[in-house]
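Colleague: Sequence first, predicted coordinates after that:
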Amino acid sequence: MGPQTRLIRSGMRQPDDRNRPVNPPVERGTTLLMPRAAEMREETNGPVYGLSGLATHDALRTALAEMEGAHFMALAPSGLAAVTLAVLAVVEAGDEVLAVDCLYGPTRRFLTRFLGRMGVGVRWFGPRATPEQAFAEAGERVRLLLLESPGSHTFELQDVAAFSAAAKARSVMTLVDNSWAAGLLFRPLEHRADLSVQALTKYPGGASDVFMGSVAVADPALAARLQEAVDDLGVYVSPDDAYLILRGLRTLPMRLKAHGESARAVARFLESRPEVSRVLYPPLPSSPDHALWRRDFSGGSGLLGAVLRPASDKAVHALLDALELFGLGFSWGGFESLATFETSQLAQRRTPHGIEGPLIRLHVGLEDTPDLIADLAQALDRYPAG
């Protein structure tokens with residue numbers, strides 16, 4: 001079956017349930033009553049406490065596992081919580097993480113601040129590095145390779161299959177933040193990654209009204225370690241939130257296709273403007289990662305970057321303030337278009353980023369594409385072209 005059919009059918013009520021709704025029930029419960037005392041500690045017959053999740057959680061995990069080709073799915077209260085859960089499941093004091101230097105800012109903060117206090121070190125490599133270059137400076141303490149493809153804000157791709165192969169040769173696990181592709185346009189587990197993480201807050205939710213994240217694994221032994229981390233940390237998401245994400249998954253392929261088609265049109269328009277130095281979007285033929293994107297991805301999402309011609313922060317603020325359809329707000333993946341000024345994020349980089357002017361990030365929503373282009377045009381008219 002195709003991905004759209006799988007998402008529509010996964011996690012639905014079973015055919016033998018008479019007079020059933022198409023969606024699973026939202027079950028809210030902390031205490032679960034056991035029929036017999038001997039079963040109170042036996043989890044082989046199902047969960048014994050509500051923290052393990054009930055019908056809504058099971059349906060969501062089933063649908064996500066089908067989408068990502070996973071053996072096991074863990075749910076977390078946010079995308080960042082999913083990353084931290086996955087990392088904590090596999091590293092110990094004295095280990096090191098080898099991380100690509102284009103990571104989401106809060107992930108960087110967790111690695112350097114929280115893990116630093118736990119005695120876990122971090123080594124960084126440039127987003128354009130080959131696996132051999134990335135591992136050249138890595139010592140025997142590295143236990144986890146952390147990728148984000150495309151990278152936050154600058155949208156570099158990494159060859160996940162090549163990096164995963166290099167990591168496995170060194171007994172290192174590979175974790176990929178796959179939020180840009182929503183677990184649908186790219187499937188890291190098929191490229192030998194060990195853990196695939198995404199922010200369900202973004203495209204799977206699709207309405208900018210619920211936080212959640214997920215971790216997908218294919219290896220049963222790793223699944224057991226991930227489940228231990230869930231249990232030990234008491235990680236839980238509400239059934240109401242799980243229901244909203246499951247509902248969003250049903251329309252994810254159609255929405256993501258619309259986001260991608262509109263984003264490509266917007267990207268081509270931006271490339272034509274004299275105020276724009278270059279556009280950061282792997283589906284564009286001008287992208288240095290376009291060939292890799294064509295090989296590994298089945299489509300593009302709505303998130304892209306635009307490097308503007310050098311000008312003052314005041315000029316960039318004036319451009320953003322002039323936008324009428326692009327809201328000024330963080331996050332992305334919802335139905336609405338958004339814009340942010342991201343140059344300050346680049347100061348966290350440990351390797352050269354090569355960005356020659358102010359960097360804005362756009363999320364292209366589901367509004368009519370000509371309207372979005374017209375809005376960008378009138379805002380760019382206020383920006384110096386050279």
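Modeller: Happy to help now that I have it.
Colleague: how about the helices of the stretch 151-300 of the chain, start to end?
Modeller: Secondary structure of the stretch 151-300 of the chain (DSSP state H, counting those that start in this stretch): helices located at 160-169, 220-233, 239-249, 252-271, 290-296.
Colleague: which stretch among those comes nearest Met73?
Modeller: helix 220-233 (9.0 Å; C-beta to C-beta). (Each C-beta comes from the backbone N, C-alpha and C, glycine too.)
Colleague: mind checking how far that closest one is from the chain centre?
Modeller: 20 Å (C-alpha atoms, centre = their mean, to the nearest Å).
Colleague: can you check stretch 338-353 too?
Modeller: The answer for stretch 338-353 is 18 Å, by C-alpha atoms, centre = their mean.
Colleague: And it, end to end?
Modeller: With C-alpha to C-alpha, to the nearest Å as the measure, the first residue of stretch 338-353 is 23 Å from its last.
Colleague: buried sites along it?
Modeller: By neighbour count, with 16 or more other C-beta atoms under 10 Å as the criterion, the buried positions of stretch 338-353 are Leu338, Ala339, Thr340, Phe341, Glu342, Thr343, Gln345, Arg349, His353.
Colleague: Against Pro282, how distant is the second one?
Modeller: Think Ala339. From Ala339 across to Pro282, the span is 20 Å (C-beta to C-beta, to the nearest Å).
Colleague: ok so, going back, of the buried residues of stretch 338-353, which pair is most distant in space?
Modeller: The farthest-apart pair in these, when distances are taken by C-beta to C-beta, is Leu338 and Arg349, at 22.8 Å.
Colleague: avg pLDDT for the helix or strand where Val307 lies?
Modeller: Val307 belongs to strand 303-308 when elements are defined using DSSP states H and E. Mean pLDDT, strand 303-308: 98.
Colleague: now swap in stretch 125-137 and tell me
Modeller: 95.
Colleague: Buried residues in that stretch, which are they?
Modeller: Quick answer for stretch 125-137 (16+ other C-beta under 10 Å): Phe125, Gly126, Pro127, Arg128, Ala129, Pro131, Ala134, Phe135.
Colleague: Next, work out how far apart the last one and Val176 are.
Modeller: Shown here: Phe135 relative to Val176, a distance of 16 Å by C-beta to C-beta.
Colleague: Repeat that for the third one.
Modeller: In this view, Pro127 and Val176 are 13 Å apart by C-beta to C-beta.
Colleague: likewise the first one?
Modeller: When distances are taken as C-beta to C-beta, Phe125 and Val176 turn out to be 15 Å apart.
Colleague: next one: the fourth one
Modeller: Remark: distance between Arg128 and Val176 (C-beta to C-beta) = 17 Å.
Colleague: so who does Arg382 touch?
Modeller: By C-beta atoms under 8 Å, 6 or more residues apart in numbering, the contact set of Arg382 is Ala318, Leu319, Ala322.
Colleague: of those, buried ones?
Modeller: Burial by neighbour count, 16+ other C-beta under 10 Å: within the contacts of Arg382 this picks out Leu319, Ala322.
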